[in-house]
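Peer 1: Sequence below, structure please.
(4 chains)
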Protein chains: 4
Amino acid sequence: MEISSSLKLVARGERPDTIVDVKGVKVGGKKVSVIAGPCSVESRDQILEAARAVKAAGAHMLRGGAFKPRTSPYSFQGLEEEGLRLLAEARKDTGLPVVTEVISPTDVDLVQEYADVLQIGSRNMHNFPLLKAVGRAEKPVLLKRGFGATISEWLNAAEYIIAGGNKGVILCERGIRAFNRITRFTLDIAAVPLIKRASHLPIVVDPSHATGRRELISPMAKAAVAAGADGIIVEVHPHPEEALCDGPQSLLPEELARLMGELRAVADAVHRTL
Amino acid sequence: MEISSSLKLVARGERPDTIVDVKGVKVGGKKVSVIAGPCSVESRDQILEAARAVKAAGAHMLRGGAFKPRTSPYSFQGLEEEGLRLLAEARKDTGLPVVTEVISPTDVDLVQEYADVLQIGSRNMHNFPLLKAVGRAEKPVLLKRGFGATISEWLNAAEYIIAGGNKGVILCERGIRAFNRITRFTLDIAAVPLIKRASHLPIVVDPSHATGRRELISPMAKAAVAAGADGIIVEVHPHPEEALCDGPQSLLPEELARLMGELRAVADAVHRTL
Amino acid sequence: MEISSSLKLVARGERPDTIVDVKGVKVGGKKVSVIAGPCSVESRDQILEAARAVKAAGAHMLRGGAFKPRTSPYSFQGLEEEGLRLLAEARKDTGLPVVTEVISPTDVDLVQEYADVLQIGSRNMHNFPLLKAVGRAEKPVLLKRGFGATISEWLNAAEYIIAGGNKGVILCERGIRAFNRITRFTLDIAAVPLIKRASHLPIVVDPSHATGRRELISPMAKAAVAAGADGIIVEVHPHPEEALCDGPQSLLPEELARLMGELRAVADAVHRTL
Amino acid sequence: MEISSSLKLVARGERPDTIVDVKGVKVGGKKVSVIAGPCSVESRDQILEAARAVKAAGAHMLRGGAFKPRTSPYSFQGLEEEGLRLLAEARKDTGLPVVTEVISPTDVDLVQEYADVLQIGSRNMHNFPLLKAVGRAEKPVLLKRGFGATISEWLNAAEYIIAGGNKGVILCERGIRAFNRITRFTLDIAAVPLIKRASHLPIVVDPSHATGRRELISPMAKAAVAAGADGIIVEVHPHPEEALCDGPQSLLPEELARLMGELRAVADAVHRTL
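Peer 2: Take a look at the predicted model:
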């Protein structure tokens, strides 16, 4: 399957599956990984409580935003470096590797000092100077699909990163913009098997941003794993009703624990382990 | 979850899951059903060979079109009543109940003479006289989502049928039109858990029309079952390269057999049986 | 420009512009026509008052629905034959030809007894038995684009009608479903010049259903004429706040009169007359 | 009309129309402005020849890319600073103010040394550090709508710029991603009157990127002006068949000259001057 003729390093060709190793957590291959955490780092107490819940549930990595790309200039923009420090503290406390977003080329060095995976958000998938900057970084990159981007454009964005020298790219499907109004976006699960055929890169799925509804997280996460996803990234918050962003789509800690069990059964059914 | 205030009979409310009984095959409840067959009935040999393959693979119902809604007036329009007779013969031969499309209110009586389930295709979801006509029919209805329709419009279409007196409605998600160009449509799997919460009706998923690509059928079918679908409807053709329509998305008989095993494992993982 | 290889009668080829003559009102060619009226025929007083306002404003044809395709079975479904009789009375009163929708093949004969143009609504663009039925009719057809339909599918729908023997087809762009939420649909004005190059058929534009907002009707109608549309079809209601449907997008009679003047200036700027 | 409750500086309120003055060329108010030029600055000869053609046609500003956001890392990425110098030379030669894109916060100072208007491209509309950087710049900003962005998100992006202190924002509608496949994007002309009601900022329209087809530029440009746009930005290339990008959608110099005359007539029809 050829999706774009300009793909060289990203195309499947004869290459085996790329497995991205994040401090021992392997993304890709037989394993299904779960990355969980709050939308934003809001305070020391909040991120530590969240991290411990993620760890207790058996998930593999902690996510949390320190630099936040927000639609309105008047919304909470993140704790920035203080948020990165708190994430590092949460990692030390729980042993979980940390995934966090970088939104500016000039922040890449700072963010990778603290983070284990550099996230490129959906709104920055076409931010080519940023892609080039993380292409020169030493930490792996989680590259979210632009919600208005084709699969070809997305893989070309990954090509920018690898062409820059960074081979550790994890793709993340997070929903596209279609005419649905009940869900925030439309999760395009067919992207998972398409990517698996067109590329050797691992792909995870974000059901939280895609749906914007807590009650849809579990069924969509299970669907993603059944379709062949290498992992799931979900929002979890110890007190969603107090969250500074994305409360309505955040799981409670006990819901994450239940989800882990459900995903284990589905992973098993498709000959994967979680 | 309220999706539309005009839904009375279709809304979940306090109602238990509706289970539609098609000659002993139950759609809804704990069971996951598989409906398979060619896009069109093309000849006696073709439909009998297809029906036997569907039966041998362990699927539960036979699908096949006798009246075809085709984009071009110059495309094959179906064998019409002759096609219905051949479907009835295939049913007699295999014992499989038959699902076939009706495209005109004036054909409903004819079609239900032969068919066990009346299919309303995606292009007719907003055909209100047809919805009223099948609302007066005695056979259950498989109501496909219009590829440009919201979930609210789709449930209102079901409301037309039930308001007419026919309680046997099976919904079918078959992909919506979004900006993707690699797949024919974009399968909106989130519709499955949304429908399950908003309505008591069973819902099946059609990965064949949604993707238009044979290699995506298995992963998308598994995703649908993992998300809670009550069944799958897939195109199977004994000789896809000779099919009069939808060859590129039709499974081979042996691929259907393999798919049944894969779906069984996923169904089991979500506490369903197939 | 070839949009679909299956188009024979509809394709531009070497054909001159088709001009559809509706009792002396010419759609296509140098003229820009305006069709106006309420969403539904609601009563004798309402349709006569509306028709006189349409006439007084200088518009060329009267529109009004007698058979209404409604999303909910519990919404007003139209006055049916009584509505047709009232439209005929309004025609007699004002001299305006009448455009009204037909939604079932079995109603075509009845509707064409009263109407001057048979409208196929957006939700029925893929209703092939209905397209075949109006293809056998003697009155011209206004064929709205399905809101989920490509231009190729739309022109193939027109091909059904002409292949059936009816050469009087007027196309109507009325908005497609995209991710916009502020407007009801997204008016695809590029369809106008595309159709003009790909086909010889006339095309009009419906800004009322496309936008769902009264304040957008005038700018979008002007845009359509500037892009080369052969006419405009707009909703007008003497008392929008009492309308049984589409009140928020209906112009007041005085707004229609003002719009006529505005469109005349734009038509003049593109070397057309109104 | 309230599109987003988080808009403060951008919202219409009681504010008069903002008129952005670019070295004497006024965008907004009664005037309709035309910005034209090649996709990329490719060479001294090319940009000078293009600039003189733009000037000769009577257009008001020169556009041309020096920093190019390209889908593939292997595509021509622009001449960068050398391109800026050539643009400045073309300005000196013709007197036309220069609009050029900036794609990185760290380039803003460099680009504004040469350019008269800083363009934020569609792919960077959600690049918040870049929005903040141009918010601190001294040159006006042409802010293109993200092709997957809602009108609310777009206006919030403008809010970032004005909140940073830069009041000179010109909005630019350039097409959104919908299911159309014949055109590159779907030009959402309704955005023009919506923006005019919701905001005091001027808005121009880019028919070149929206359609991707030379033959659609003139009708869509006329439509935009008829709908109330304050200007048009089009691609023009002296030798489109040799263009390094966007050849198929670039006008020839003589086509631009003809377009100017056509737009003048439409502008006049809507009581504007060009």
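Peer 1: Report the separation between A:Val20 and A:Val169.
Peer 2: 7 Å (CB to CB, to the nearest Å). Where C-beta positions appear, they are placed from N, C-alpha and C, glycine not excepted.
Peer 1: So between those two, which is more surrounded?
Peer 2: Using other CB atoms under 10 Å in any protein chain shown, the more surrounded residue of A:Val20 and A:Val169 is A:Val169, with 27 against 21.
Peer 1: Would you confirm that the more buried one contacts A:Ile203?
Peer 2: No - when contacts are counted by CB atoms under 8 Å, A:Val169 is not listed as touching A:Ile203 (10.0 Å).
Peer 1: Could you pull up the residues touching A:Glu2?
Peer 2: Residues counted as contacts of A:Glu2 (CB atoms under 8 Å, 6 or more residues apart in numbering or on different chains) are A:11, A:198.
Peer 1: Try it again at 10 Å.
Peer 2: Counting by CB atoms under 10 Å, 6 or more residues apart in numbering or on different chains, A:Glu2 touches A:11-12, A:152, A:198.
Peer 1: what do you get for A:Glu235?
Peer 2: Counting by CB under 10 Å, 6+ apart, A:Glu235 has contacts A:36-40, A:50, A:63-64, A:206-209, A:214, A:217, A:243, A:245-251, A:256.
Peer 1: Please convert the buried members of those into ChimeraX selection syntax.
Peer 2: Buried residues among the contacts of A:Glu235 (16 or more other CB atoms under 10 Å in any protein chain shown), as a ChimeraX selection:
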select /A:36,37,38,39,40,50,63,64,206,207,208,209,214,217,243,245,246,247,249,250,251,256
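Peer 1: before we move on, back to that, residues shared between the contacts of A:Val169 and A:Ile203?
Peer 2: Going by CB under 10 Å, 6+ apart, residues that sit against A:Val169 and also against A:Ile203 are A:Leu143.
Peer 1: Give me the neighbour count for A:Asp93.
Peer 2: 14.
Peer 1: Would you double-check that it falls in a strand?
Peer 2: No - under DSSP: H, G, I helix; E, B strand; the rest coil, A:Asp93 sits outside any strand and is assigned helix.
Peer 1: what's the spacing between it and chain B?
Peer 2: 33 Å (CB to the nearest CB, to the nearest Å).
Peer 1: On the pLDDT front, check that residue for me.
Peer 2: You'll see A:Asp93 listed with a pLDDT of 98.
Peer 1: how about the residue nearest the centre of chain A, what does it touch?
Peer 2: For chain A, the residue nearest the mean C-alpha position is A:Ile233 (5.0 Å; CA atoms, centre = their mean). A:Ile233 makes contacts with A:33-37, A:59, A:61, A:63, A:99, A:119, A:142, A:144, A:170, A:172, A:174, A:204-209, A:221, as judged by CB under 10 Å, 6+ apart.
Peer 1: 8 Å instead, please
Peer 2: A:34-36, A:63, A:99, A:142, A:172, A:204-206, A:208.
Peer 1: Spell out which parts of the stretch 151-274 of chain A neighbour chain C.
Peer 2: A:177-179, A:181 (CB under 8 Å from any CB of the partner chain).
Peer 1: Can you tell me which of these is closest to chain B?
Peer 2: A:Ala178 (3.9 Å; CB to the nearest CB).
Peer 1: Return the residues in contact with the closest one.
Peer 2: A:185-186, B:176-179, B:186, B:188, C:179 are the contacts of A:Ala178 under CB under 8 Å, 6+ apart.
Peer 1: so where's the stretch 1-150 of chain A uncertain?
Peer 2: Applying pLDDT under 70 to the stretch 1-150 of chain A picks out residues A:1.
Peer 1: how about the helices in it?
Peer 2: A:44-57, A:81-94, A:108-114, A:128-135 (DSSP state H, counting those that start in this stretch).
Peer 1: repeat for the stretch 151-274 of chain A
Peer 2: A:151-163, A:191-198, A:207-211, A:214-226, A:253-269.
Peer 1: Could I get those in TSV, plus columns for distance to chain D and mean pLDDT?
Peer 2: Output for the helices of the stretch 151-274 of chain A, formatted as TSV (distance: least, CB to the nearest CB, whole Å; pLDDT from 0 to 100):
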stretch	distance to chain D	mean pLDDT
helix A:151-163	5	98
helix A:191-198	15	98
helix A:207-211	14	97
helix A:214-226	20	98
helix A:253-269	29	98
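Peer 1: out of the ones you listed, nearest to B:Ala163?
Peer 2: Taking CB to CB, helix A:214-226 is the member of these nearest to B:Ala163, at 27.8 Å.
Peer 1: now the residue lying closest to A:Gly168 once chain neighbours are set aside: how far from chain C?
Peer 2: Once flanking residues are discounted, A:Gly168 sits nearest to A:Pro140: 3.1 Å by CB to CB, 6 or more residues apart in numbering or on different chains. A:Pro140 sits 32 Å away from chain C, going by CB to the nearest CB.
Peer 1: residues contacting A:Pro140?
Peer 2: Applying CB under 8 Å, 6+ apart, the residues near A:Pro140 are A:20, A:22, A:116-118, A:166, A:168-170.
Peer 1: Try it again at 6 Å.
Peer 2: A:20, A:117, A:168 (CB atoms under 6 Å, 6 or more residues apart in numbering or on different chains).
Peer 1: same thing with A:Val192?
Peer 2: A:203, A:227-229.
Peer 1: Neighbour count and distance to D:Ala157 added to these, as CSV?
Peer 2: Listed next are these as CSV, based on neighbours: other CB atoms under 10 Å in any protein chain shown; distance: CB to CB, whole Å:
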residue, neighbour count, distance to D:Ala157
A:Ile203, 27, 29
A:Ala227, 29, 34
A:Gly228, 21, 36
A:Ala229, 31, 32
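Peer 1: a markdown table please, covering the helices of the stretch 1-150 of chain A and showing distance to chain C.
Peer 2: Converted to a markdown table, the helices of the stretch 1-150 of chain A look like this (distance: least, CB to the nearest CB, whole Å):
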| stretch | distance to chain C |
| --- | --- |
| helix A:44-57 | 32 |
| helix A:81-94 | 31 |
| helix A:108-114 | 31 |
| helix A:128-135 | 24 |
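Peer 1: Could you identify the buried members of the residues of the stretch 151-274 of chain A next to chain C?
Peer 2: A:177-179.
Peer 1: could these go into TSV alongside distance to A:Leu194?
Peer 2: TSV is the format used below for those (distance: CB to CB, whole Å):
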residue	distance to A:Leu194
A:Arg177	18
A:Ala178	16
A:Phe179	21
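Peer 1: B:Asn127: which of the residues you listed is nearest?
Peer 2: Of those, the one sitting nearest to B:Asn127 (CB to CB) turns out to be A:Phe179, at 20.0 Å.
Peer 1: Surely that closest one and C:Ile176 touch.
Peer 2: No - applying CB atoms under 6 Å as the test, A:Phe179 and C:Ile176 come out as separate, 9.1 Å apart.
Peer 1: List the buried residues of stretch A:26-37.
Peer 2: A:26-29, A:31-37.
Peer 1: Can I get that stretch as CSV, trimmed to CA atoms?
Peer 2: Presented in CSV, the C-alpha positions along stretch A:26-37 are these (Å, rounded to 0.1, in the frame of the first residue of the first chain):
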residue,chain,number,x,y,z
LYS,A,26,8.5,-0.9,24.8
VAL,A,27,6.0,0.7,22.4
GLY,A,28,5.3,-1.5,19.4
GLY,A,29,5.9,-5.3,18.9
LYS,A,30,3.8,-7.7,20.9
LYS,A,31,3.2,-5.3,23.8
VAL,A,32,0.2,-3.0,24.2
SER,A,33,1.1,0.1,26.3
VAL,A,34,-1.1,2.4,28.3
ILE,A,35,-0.2,6.0,28.8
ALA,A,36,-2.4,7.9,31.3
GLY,A,37,-2.6,11.1,33.2
